[in-house]
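Undergrad: take a look and give me a structure for this.
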Amino acid sequence: MPAETVSDNVETLINLALAEDFGPGDVTSTYFVPEHLTARAILTPRKKGVLSGVNVAAEVFRKVDPSLKVEVYLHDGEAVAPGAVVMLIEGSARSILGAERTALNFIQRLSGVATLTRKYVKAVSHTSARILDTRKTTPGYRLLEKAAVAHGGGTNHRMGLYDRAMVKDNHLMTDGNTEHLQQCINRLRAEKPGVEIQLEADTLEQVEAFLKLEGVDHILLDNMTPEMLKQAVAMRGDRATPLIEASGGVNLDTVAAIAESGVDFVSVGYVTHSAPSLDLGLDFSVE
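TA: The predicted model follows:
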């Protein structure tokens with residue numbers, strides 16, 4: 001997203017987050033912080049990581065109080081370490097305190113996704129494989145979490161059910177009838193030519209059958225060993241398509257061997273559904 005704005009989706013999330021936090025009002029600041037007290041706060045990381053959600057956090061402060069002065073020094077995708085100054089906020093102490101937790105919730109969560117993604121990307125950097133995310137995202141946060149994956153150096157898979165047909169075992173109700181499958185592919189190609197088609201294979205026999213079909217952009221190899229993955233890649237031969245994606249059993253201990261098999265992509269649901277938040281905090285000084 002552009003540095004100066006946020007999307008309607010993100011603005012909706014910010015409004016929801018602030019509404020659930022403020023409720024009828026911040027009783028702590030109202031009763032314990034003088035109304036005219038001003039402060040400055042520095043947003044800084046407590047641990048090494050990769051930033052994401054900087055603009056979102058800045059927008060939270062502006063949404064709570066447009067009079068706050070918010071200066072951003074570091075941006076999404078940048079690697080940071082303790083002592084770095086990501087952002088400076090100056091103005092009403094009550095406003096800064098009121099926005100603090102919501103702003104941190106966004107940037108800590110998203111920076112955690114970016115940081116974990118960067119670890120996976122580095123683990124396969126000696127190969128040509130790219131790290132993909134999945135649809136295993138926090139409801140409502142998909143655009144933000146997929147942006148965080150990109151900030152970490154990963155590649156986005158489909159955004160939803162609408163931009164790629166991904167035919168998994170639960171969709172194959174025809175007992176391996178590839179003639180029917182080809183008919184479905186042809187119909188989709190004719191009616192929605194811009195939508196990519198991906199088929200999931202659990203066995204090498206399925207891979208062999210899918211390679212004979214026309215119009216398949218991707219084959220997803222589910223829970224195959226590195227040796228099986230190598231065989232599947234060899235079966236494709238010198239063809240440019242379909243692209244081959246490996247999925248299942250992927251973690252930081254296994255991802256290198258999976259990527260070394262020659263697959264084009266390795267999809268990792270863990271980077272969005274289980275990434276630990278990156279520890280960032282606000283250091284305050286009262287003016």
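
Undergrad: so I96 touches R62, yeah?
TA: No. Using CB atoms under 8 Å, I96 is not in contact with R62, being 11.6 Å away. For glycine as for every other residue, the C-beta is placed from the backbone atoms N, C-alpha and C.

Undergrad: identify the contacts common to those two.
TA: Residues touching both I96 and R62 (CB atoms under 8 Å, 6 or more residues apart in numbering): L68.

Undergrad: which of these two has more neighbours?
TA: Taking neighbours as other CB atoms under 10 Å, I96 and R62 compare with I96 leading, 25 against 17.

Undergrad: name the element that one belongs to?
TA: Following DSSP states H and E, one finds I96 within helix 93-123.

Undergrad: next SSE after that helix?
TA: In N-to-C order, the element after helix 93-123 by DSSP H and E is strand 130-132.

Undergrad: off-centre distance for the helix or strand following that following strand?
TA: Once the chain leaves strand 130-132, the next helix or strand it forms, by DSSP H and E, is helix 142-151. Here helix 142-151 is found 3 Å from its chain centre; the criterion is CA atoms, centre = their mean, to the nearest Å.

Undergrad: try stretch 59-75
TA: Computed by CA atoms, centre = their mean, the chain-centroid distance of stretch 59-75 equals 24 Å.

Undergrad: cool, stretch 76-90 as well?
TA: 20 Å.

Undergrad: end to end, how far does stretch 162-180 reach?
TA: 22 Å (CA to CA, to the nearest Å).

Undergrad: tell me the buried residues in it?
TA: For stretch 162-180, a neighbour-count test (16 or more other CB atoms under 10 Å) marks A165, M166, V167, L172 as buried.

Undergrad: may I have the secondary structure class of the second one?
TA: What that stands for is M166. strand (DSSP: H, G, I helix; E, B strand; the rest coil).

Undergrad: pLDDT on stretch 179-194, on average?
TA: Averaging pLDDT along stretch 179-194 gives 95.

Undergrad: can you list contacts of it?
TA: So stretch 179-194 is contacted by A165, V167, L172, T174, V195, I197, L199, L213, E214, G215, V216 (CB under 8 Å, 6+ apart).

Undergrad: for E205, give me its contacts.
TA: For E205, the contact set (CB under 8 Å, 6+ apart) is empty.

Undergrad: chain center to the strand or helix carrying it, what's the gap?
TA: For E205, the element it lies in under DSSP H and E is helix 204-210. Centroid separation for helix 204-210 versus its chain: 31 Å, with CA atoms, centre = their mean.

Undergrad: what ranges in the stretch 151-287 of the chain fall below the confidence cut-off?
TA: 173-176 (pLDDT under 70).
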